[in-house]
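Enquirer: Let me see the structure of the following:
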Amino acid sequence: MDKEKAEFAARLRAALEAKGIEASAAVVEKRFNSRYDGAAVTAQAVSGWLNGKSIPKQDKLRVLAALVGLEPHELQFGGKHRVGDARAEWPASLPAQDRVMMDAYLRLPVMQRKLVRELVAVLARAGGSGG
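Expert: Numbers count the residues shown, from 1 in each chain. Just a heads-up that it's a prediction; the model follows:
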């Protein structure tokens, strides 16, 4: 098993656990196939993903990522930025806790980021004076 496959398997198992989904081939196979429009995958294929023997093709990776609430590139590559992606550098004047919060926000799935933006907009309109 090579390092890339092992790291993918670890990310997949962690993402499943974070979503409260049992990291078993049978459970993931059933949930995956209920969302996938192509030919059904086997428990053996899912076992390969979970055990670091293989990484699914992109069409399957997209469905698997949606199942665990991640962007496909996050599931495939982890926190690593893709070539051409600029890492956000926060100004030194921004308090450390705000930098941590912004980094966490950027790791959220798209729909969760949208909810956070909507919440901030509502709070701003309400004129919150918190600090």
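Enquirer: use CA for all of it now, contacts and neighbours both
Expert: Noted.
Enquirer: Would you mind identifying the helix or strand in this protein with the lowest mean pLDDT?
Expert: helix 96-107 (a mean of 81; mean pLDDT, DSSP states H and E).
Enquirer: Give me the buried positions along that helix.
Expert: Under the neighbour-count criterion of 16 or more other CA atoms under 10 Å, helix 96-107 has Arg99 buried.
Enquirer: do the same with stretch 24-37
Expert: Applying a neighbour-count criterion of 16+ other CA under 10 Å, one finds 25, 28-29, 32-33 buried in stretch 24-37.
Enquirer: for the record, mean pLDDT for whichever helix or strand comes after the least confident helix or strand of the chain?
Expert: Taking DSSP states H and E as the definition, the helix or strand that follows helix 96-107 towards the C-terminus is helix 110-125. When the per-residue pLDDT values of helix 110-125 are averaged, the result is 87.
Enquirer: before we move on, what about stretch 22-32?
Expert: Over the span of stretch 22-32, the pLDDT mean works out to 96.
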